Each structure stands twice: as structure tokens, then as C-alpha cells.
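A.B. asks: Here is a sequence with its predicted model. Questions after.
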Amino acid sequence: MRVVSAVIAIAVGLLVLLGYFLPVAVPVQTILLEWAVILVAVAAVVGVINLATVHADKVRRRAKDGIYSAMLIMGMIVAAGLGLAFKPQNSFMQAIFLNGIIIPVEASLLALLTVTLLYTAIRLLRRRADAMSITFIVTASLIFFASATLPFGDMPILGTLIRPWVSQILALGGVRGILIGVSLGTLLTGLRVLFGIDRPYGGK
Amino acid sequence: MNAFIILILAVVLLGVVTLWKRRSSSAIREIPAFTRLIRSLGLSIEDGKRLHISLGHGRMTDGRGGSAFAGLALLRNVAERTSVSDMPSVASAGDSTLGLLTQDTLEAGYQAAGVEDAYVHTIGRVTGLTPFSYAAGAMYISQNENVSTTIVLGNLGSEAGLIADASERANVPLIGASDDLAGQSILFTSAQEALIGEELFATGAYLNDDAVYSASLTVQDVFRWVIIVGLIVGAGLKFIGII
């Protein structure tokens, strides 16, 4: 079975790849990508079932904080039931679940993240007092101060000269370097998966 | 056409360098994050604690899947080494397809270790389908499931800061890597050890003996030098007005 899954994965991967270079392979590529979209949708359902199973297990074991798991399962059932009855685009569903729960909760987490990042930056030098950390803190502070606007406009020198130079020359160059490295890593990782050297779909 | 040539060149180079590496092995530079990771694998079993490997929310259907594959390669290795522990490692993912692959990879690790009966499917979890819901679920694992080290490796943005903060509050060291620039900068400040840029993709070379992984690093270096030379020559030609 493991051999069969490897053969299917490699064959499908190569056919989809060929579709980008050979026009004759495009129809096959399109069909395979459409199948992939359907499989991803099925995987989303499986993911939700996995989430429910993990939390149901916690409730059954009466684990610590199991009450939250029970609330999550109840929320999932209610959302799924109402979603099937009213359809997700319904204004009631949008008002209750999207604007009433999901967006405020995620916004709260984002707000929490802001505080967390500030706290982490303050603690950075205590954890790792080396040249890189000092450079990081100094650069971040410099850009932060330079971004602040004064009543009469940009901060002189810092905002008009140093900030553009740091962000558009030094930082942009570094960013491009990192992204090129990440792209090369992704290319080689993709090739290993394509030729079955890395098999995340199992196999001893 | 150019992309096709680059691809063929990469395949040929990978094959040739792998054969060469199999005949004469070469050393790779020490990266503190990998040294700590390898040490934490052994310590987790001795301490009777588990590792938490969080693979981010990279989708398999777009370019962010590359980092997820690198994370799965790490997970496969960790699963095989820690499957005999009383506290098996637990993995979290923020994408349903990645969640399925996580479970399959864990099961393969258990099979390879000969303890497939010990595999429980709930050790591979989808903790949420949006970045912040995924982070909220991963935070809970780091804080409440007797974790010795949290390893974050995959596509994570700013939400990595929440996982790092939760780990720190629980006195759990965090080793982190992301292919996302925001995630990298946050992990640099908040993780005990962070991998920057393409170091994320070197996981296989540091945890496996197979020559193909170190050959991948060599091919990346070859391409990197070609790009560096191309940039310098291009800038020079532009400067003197030829292009």
C-alpha cells in the first residue's frame, strides 16, 4: 500500500509539473488540480472531525479544563446546525458567528499579541545579550521613533533620511536575501518530495 | 523555458551531488538551534516529558507548503525517536491537509520504530483553521500537556509570538523557525533558539544521515552563488550603462 501511495504521489506530481511546461499536459494538469481541490475540501471536514475527536476525548477523560472542550464541541454543533439551516452567507449567521464571535476573538488575540511583542522585545537583551540582539533592538527603536509624526511633519534627519535608508536599502536587501534563500530551500524540498525521497504520506 | 532549465539543472545537480556525497561525506557547520533540538530529543525521554512540534498553517496547495514539508521531515524523525517514550510527542497543525499528513507521518514513525500499536491518532492534531485559532490551540498544548520543549517549524506569521509567550510562561524552551518574515523576526526575539531564512530547510541534513539531505544544502549553495554572481554582474553592467 505504501508503494502504491508513493507511485500515485510521484506520478501526479510529475504530471502537474509537466503541465506548466508542456501545453499538451495542461488538460491532465487541470483535471488533477480539480481533484486536489475536492480532496482539500474533504480534508477540511476531516480536520474538523479531528478537532472534535481530540476535545471529545478530553471531555470523556474528565481532563483539566474539560469544560472548555465541551463548550467548543457544543459551539461546533450549534454553528454547523445553524449553518446548514440558514446557509453561511445568511445575515443572521454573519452577525452572530462572524461579527459577533470570530472577529472579536481574533481581534482580542491580536491585541494580546501587541502587548506580548513589546514585552518580548524588552526581555530580549536579558535572554540573549549579543551583537545581533543589540542591532535588532537599536534598529527597531530607530524605525519606531522615525515613524512617529510631529505636528510639523516628519522627524528631521531620522524620519527623512535615516529611516528610508535603513528600511529601503538595508532591510529590503536583507529581506530579498532571506526570501531567495527560502525559495531555494522550498525548491529543493519540493524536488525531494516529488521524487519520493521525502514521503510525508507515510512509509517505513 | 528558463524555469524548466533551472528545474532540470537542480534535478541533475541533486543527483550528481548525492552520488558524490555518498562516496565522501562532508561536515556541515554547527547551528546552535539544531544542537539544542537534538539534545532536547534525548532529554525529553529522560525527563518523562513530551515534545510539542507545531507545524504552522502552511497549505499544501501553495508555495508555503515547502516549510510544512520541512516540518514533516523533522516530525518523522522525532516520532521514530520518541515513540517508545511514556509521554509520546504531540504535533499540532493549523491546516486540515497538513493535519492529515501530520497523523500519517507520526504513524509512519511509530511503524519504523516497531511500536505501531502504541500510536494514538489524537497525538496529531488540527488545533484550528485560522492562524490565531491554531495558535490558541497550540498555546494550550505547550502550557498544559507536560511538554519539555516546543518546536515550532513551518509557516507561521505574527501568531508565533503567542505560542512563544505561552511556552515561556510554562517555562518550556522554544526552538522556532518560519518561512514568513514576520514570523522569523518574532521568533528571533522570543525563541530560545531561532532558525533564520533557509536554515529551516536544513532540518533533514542535521537529523538524518542520508547523503541526499546534505546534497540538497550543497545544491542550494551552488544556486546561491550563481544568484550572487548574477546580481553583482548585473549591477556592474547597469552601472556602466551596458544594460
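C.D. replies: Received the coordinates, thanks. Residues are numbered from 1 along each chain as shown, chains lettered A, B, ... in the order given.

A.B. asks: alpha carbons only for contacts and neighbour counts from here, please
C.D. replies: Noted.

A.B. asks: How far away from the center of its chain is the helix or strand containing B:E107?
C.D. replies: In this structure, B:E107 is located in helix B:96-113 according to DSSP states H and E. Centroid separation between helix B:96-113 and its chain, computed with Cα atoms, centre = their mean, to the nearest Å, is 15 Å.

A.B. asks: Check what contacts it and list those residues.
C.D. replies: When contacts are taken as Cα atoms under 8 Å, 6 or more residues apart in numbering or on different chains, the neighbours of helix B:96-113 outside the stretch itself are A:40, A:43-48, A:200-204, B:57-60, B:68, B:72, B:75-81, B:83-84, B:91-93, B:116, B:118-119, B:121, B:123-126, B:129.

A.B. asks: Just the CA trace of it, in PDB.
C.D. replies: Once side chains and other backbone atoms are set aside, the C-alpha atoms of helix B:96-113 remain, and they are given as PDB (Å, rounded to 0.1, in the frame of the first residue of the first chain):
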ATOM      1  CA  SER B  96      -6.500  20.300   7.700                       C
ATOM      2  CA  THR B  97      -4.400  18.800   4.900                       C
ATOM      3  CA  LEU B  98      -1.300  19.300   6.900                       C
ATOM      4  CA  GLY B  99      -3.100  17.700   9.900                       C
ATOM      5  CA  LEU B 100      -3.700  14.600   7.900                       C
ATOM      6  CA  LEU B 101      -0.100  14.400   6.800                       C
ATOM      7  CA  THR B 102       0.900  15.000  10.400                       C
ATOM      8  CA  GLN B 103      -1.000  11.900  11.500                       C
ATOM      9  CA  ASP B 104       0.300   9.800   8.700                       C
ATOM     10  CA  THR B 105       3.900  10.900   9.400                       C
ATOM     11  CA  LEU B 106       3.600  10.200  13.100                       C
ATOM     12  CA  GLU B 107       2.100   6.700  12.300                       C
ATOM     13  CA  ALA B 108       5.000   6.000   9.900                       C
ATOM     14  CA  GLY B 109       7.500   7.000  12.600                       C
ATOM     15  CA  TYR B 110       5.800   4.600  15.000                       C
ATOM     16  CA  GLN B 111       5.900   1.800  12.400                       C
ATOM     17  CA  ALA B 112       9.500   2.400  11.700                       C
ATOM     18  CA  ALA B 113      10.200   2.100  15.500                       C
END
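
A.B. asks: May I have the strands that pair with the helix or strand following it, each with its orientation?
C.D. replies: For helix B:96-113, the following helix or strand on the C-terminal side (DSSP H and E) is strand B:124-126. When pairing is defined by DSSP bridges, strand B:124-126 lines up against strand B:90-93 (parallel).

A.B. asks: low-confidence ranges in the chain?
C.D. replies: Because you didn't say which chain, this covers chain A. By pLDDT under 70, the low-scoring segments of chain A are A:1, A:202-204.

A.B. asks: so what are the domain limits for it?
C.D. replies: Taking automatic domain parsing as the domain assignment, the record places the domains of chain A at A:1-86, A:128-204.

A.B. asks: do the same with chain B
C.D. replies: Here chain B is described, according to automatic domain parsing, as comprising the domains B:28-208, B:209-243.

A.B. asks: Tell me which of the ones you listed sits most buried.
C.D. replies: Compared across the domains of chain B, domain B:28-208 shows the largest average neighbour count, a mean of 22 (mean count of other Cα atoms under 10 Å in any protein chain shown).
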